[in-house]
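Engineer: Structure here, sequence nowhere to be found:
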Ligand code: SF4
């Protein structure tokens, strides 16, 4: 026992200092919010990026447009562009409050705003969420789960995942919503007392992800439930999820930390 206590003392405090301190270092292969520089682009003659996108997340009209609600962050478009028009940055802040705001055309990007004062009073310091895994691959669930580890300690913000929807303030949905999960999702939603929140985490929950258009899925939860927060990614990095949750609750400083 003494040995365990001694080892624990040696380990010291392991929880990330974020958001009061700097954000933890992201892995080298992390791809964050893309930057599109149209001054380098020749959309009429090239179209290499659209041809490279395996998922129809990138559209070329007069401008190159990436729908982050569909994007799998594979980086194929960036690699295919001969002029360096698309660059996936290290920017992890990507959660938005409205579906349409996931469309990236240039540098402008409107992040999620905090809930109104009444909702912040209700949820700001204690938010209980029921996670519904609606037919995904498990990656979004795994990355959300990471937030419960000692490294992130989601509980210090008063945010916890609970087993019963009756004890929850809202749902965090992952997965494309398979037909088999549709009823379960709707019943879980109905069981949550009002007022309640819905958070769609990951490309599948937002748009169906790689399963988009399949007859057995509902292309995410956005047509079934009123979504308050959209967190893009495939899967979203835990930091992106945490940033989105804190942003919604108005728990971040003005500079975004
Ligand atoms: S990173 Fe997104 S937009 Fe680019 S090719 Fe992959 S899925 Fe398509």
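Structural biologist: Sure, I can see it. Quick caveat: nothing in here was measured; it's all calculated off a predicted structure.
Engineer: what are the ranges of the strands in the stretch 101-250 of the chain?
Structural biologist: Assigned by DSSP state E, counting those that start in this stretch, the strands in the stretch 101-250 of the chain fall at 103-104, 127-133, 159-161, 170-174, 197-201, 229-231.
Engineer: Just put these in JSON lines and tack on distance to the ligand and mean pLDDT.
Structural biologist: Heads up, the C-betas are built off the backbone N, CA and C, glycines and all. Below are those laid out as JSON lines (distance: least, CB to the nearest ligand atom, whole Å; pLDDT from 0 to 100):
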{"stretch": "strand 103-104", "distance to the ligand": "9", "mean pLDDT": "93"}
{"stretch": "strand 127-133", "distance to the ligand": "22", "mean pLDDT": "98"}
{"stretch": "strand 159-161", "distance to the ligand": "29", "mean pLDDT": "97"}
{"stretch": "strand 170-174", "distance to the ligand": "18", "mean pLDDT": "98"}
{"stretch": "strand 197-201", "distance to the ligand": "17", "mean pLDDT": "98"}
{"stretch": "strand 229-231", "distance to the ligand": "16", "mean pLDDT": "98"}
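Engineer: Of all the ones you listed, which one is nearest residue 15?
Structural biologist: Relative to residue 15, the nearest member of those by CB to CB is strand 159-161, separated by 14.0 Å.
Engineer: coming back round to it: Serialize the strands of the stretch 101-250 of the chain to CSV and add fields for mean neighbour count.
Structural biologist: Output for the strands of the stretch 101-250 of the chain, formatted as CSV (neighbours: other CB atoms under 10 Å):
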stretch, mean neighbour count
strand 103-104, 18
strand 127-133, 21
strand 159-161, 18
strand 170-174, 27
strand 197-201, 26
strand 229-231, 28
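Engineer: now the ones you listed in TSV, with distance to residue 26?
Structural biologist: Shown next, in TSV, are those (distance: least, CB to CB, whole Å):
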stretch	distance to residue 26
strand 103-104	19
strand 127-133	23
strand 159-161	21
strand 170-174	21
strand 197-201	18
strand 229-231	16
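Engineer: Go through these and name the closest to residue 113.
Structural biologist: For residue 113, the closest of the strands of the stretch 101-250 of the chain is strand 229-231, at 10.1 Å, according to CB to CB.
Engineer: What residues does the protein have near the ligand?
Structural biologist: 52-53, 55, 57-58, 66, 71-77 (CB under 6 Å from any ligand atom).
Engineer: switch to 8 Å and redo it
Structural biologist: 31, 34, 49, 52-58, 66-67, 70-78, 80, 86, 88, 234 (CB under 8 Å from any ligand atom).
Engineer: Is residue 219 in contact with residue 210, as I believe?
Structural biologist: No: the pair residue 219 and residue 210 fails to qualify as a contact (CB atoms under 8 Å) at a distance of 11.4 Å.
Engineer: out of the two, which sits in the busier spot?
Structural biologist: Comparing residue 219 with residue 210 by other CB atoms under 10 Å, the one with more neighbours is residue 219, at 20 against 15.
Engineer: Next one: the more buried one relative to residue 69, how far apart?
Structural biologist: Using CB to CB, to the nearest Å, residue 219 is found at 10 Å from residue 69.
Engineer: before we move on, what about residue 190?
Structural biologist: 25 Å.
Engineer: where in this protein is pLDDT low?
Structural biologist: Low-confidence segments of the chain, defined by pLDDT under 70: 43, 253-257.
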